[in-house]
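S.K.: Build me a structure from this.
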Amino acid sequence: MANETVFKRYKGNPIITAKAVPRANSIHNSAIVPFGKGYAGVFRVDEIDLEFRMHVGFSKDGITWDIDPDILAIECDNPEILMDPNAGTYDPRLTQIGDTFYFTWCVNSKHGPYIGMATTEDFKKFKQLENPLFPPNRNCVLFPRKINGKFAMYHRPSDRGHTPFGDMYYSESPDLTYWGCHRFVFGPTKSGWQSTKVGPGPAPIEIKEGWLLIYHGVWTSCNGYLYYAGGAILDKEKPWKVLYRTKDYLLAPTEIYERVGDVPNVVFPSSAIVNDDTVRIYYGCADTCISIAEGKLADVISFIKKHSF
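M.R.: This next block holds a predicted model:
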């Protein structure tokens, strides 16, 4: 079922374009979660000065969005780590644990990209926590519950450039400040659509078999990088242990809005929402806009098992 893909694109794609924010050049690779009677999100907005900034948005149906034209504001007790909203902030992820939403993102710095973390309960006030990992690092996402009594995350160590390589790691913390027990999860393959680098996408989804992870894989062609979406199932108590991992992609850049944009040929999954037996993924397209695709959760699990290494 590779081109019979389990994910079906929404006929109204893309659902979010630069028209949603007055100063936007593009809006992509953003974080969305159920909130109240609808949805909330933190959106990566590349503005007309081509700096990356983050904005909050709300939606009743997860398709039509009202995104705040003002940059997301954040509070912090420690001025040494306070996020500069104009410092190049991008690739947000959101995870709900209890009544709190945990927000992670990537920040450009002279030392390379590093991970920021904050909490919110209402998407109006955000409180920044200690930076969890030293640079360079990026593509960080928290698990939706503690693993063996500890907070847990997937992340991808990086470098100061665009990272022409990439392995995924698992780390855990008793308090969201001190992180350790780092474990290798998996890295690129020898060939194919995930042979250059891989990175975690949406927050892991707990299923009977373990943890379902939608991730991105990158292939370097003679025309540059191409980004795809893949899937893996990992052990429930030791989430660095891979049970299944797709050798076939789940979603590839095939549509014009995925092929053509600021960075061509990109499908970048960054959020996943499960409603009953359906999983909806939100993904960035060509670093320009946001689209959605849906599939039956059982079909996604079956596909990963059937088309696994």
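S.K.: what about the strands in the stretch 101-250 of the chain?
M.R.: Per DSSP state E, counting those that start in this stretch, the stretch 101-250 of the chain has strands spanning 114-120, 127-128, 137-142, 151-157, 168-173, 180-186, 197-200, 205-207, 210-221, 224-234, 242-245. These are given in chain order.
S.K.: for Met257, helix, strand, or coil?
M.R.: Actually, residue 257 is Tyr rather than Met. With DSSP: H, G, I helix; E, B strand; the rest coil as the basis, Tyr257 sits in helix.
S.K.: what about it, distance to Thr17?
M.R.: Tyr257 is 9 Å from Thr17, where distance means C-beta to C-beta, to the nearest Å. C-betas here are computed from N, CA, C, even on glycine.
S.K.: who touches both of the two?
M.R.: 288-289 (C-beta atoms under 8 Å, 6 or more residues apart in numbering).
S.K.: Mean neighbour count, distance to Ala31 and mean pLDDT for the strands of the stretch 101-250 of the chain - can I get that in CSV?
M.R.: Formatted as CSV, the strands of the stretch 101-250 of the chain follow (neighbours: other C-beta atoms under 10 Å; distance: least, C-beta to C-beta, whole Å; pLDDT from 0 to 100):
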stretch, mean neighbour count, distance to Ala31, mean pLDDT
strand 114-120, 21, 11, 96
strand 127-128, 16, 16, 96
strand 137-142, 25, 9, 94
strand 151-157, 24, 14, 97
strand 168-173, 21, 18, 98
strand 180-186, 14, 21, 98
strand 197-200, 24, 12, 97
strand 205-207, 16, 15, 98
strand 210-221, 22, 13, 97
strand 224-234, 22, 16, 97
strand 242-245, 18, 24, 98
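S.K.: Can you check which of those strands gets nearest to Glu80?
M.R.: Closest approach to Glu80 among the strands of the stretch 101-250 of the chain (C-beta to C-beta): strand 127-128, 10.9 Å.
S.K.: From the contact counts, what lies against that closest one?
M.R.: Counting contacts by 3 or more C-beta pairs under 8 Å, 6 or more residues apart in numbering; DSSP states H and E, strand 127-128 packs against strand 114-120.
S.K.: List the neighbours of the strand it packs on that are in contact with it.
M.R.: Under C-beta under 8 Å, 6+ apart, the answer for strand 114-120 is 74, 83, 89, 100-107, 126-138, 140, 155, 176.
S.K.: quick one: which of the strands of the stretch 101-250 of the chain is nearest Ile273?
M.R.: Among the strands of the stretch 101-250 of the chain, the nearest to Ile273 by C-beta to C-beta is strand 205-207 (9.4 Å).
S.K.: in its sheet, what does that closest one sit against?
M.R.: With DSSP bridges as the test, strand 205-207 is paired with strand 210-221 (antiparallel).
S.K.: what about stretch 31-40, start to end distance?
M.R.: Terminal residues of stretch 31-40 lie 8 Å apart, using C-alpha to C-alpha, to the nearest Å.
S.K.: So what touches that stretch?
M.R.: Contacts for stretch 31-40 (C-beta under 8 Å, 6+ apart): 41-43, 56-62, 92-96, 101, 103, 123, 270-271, 273, 282.
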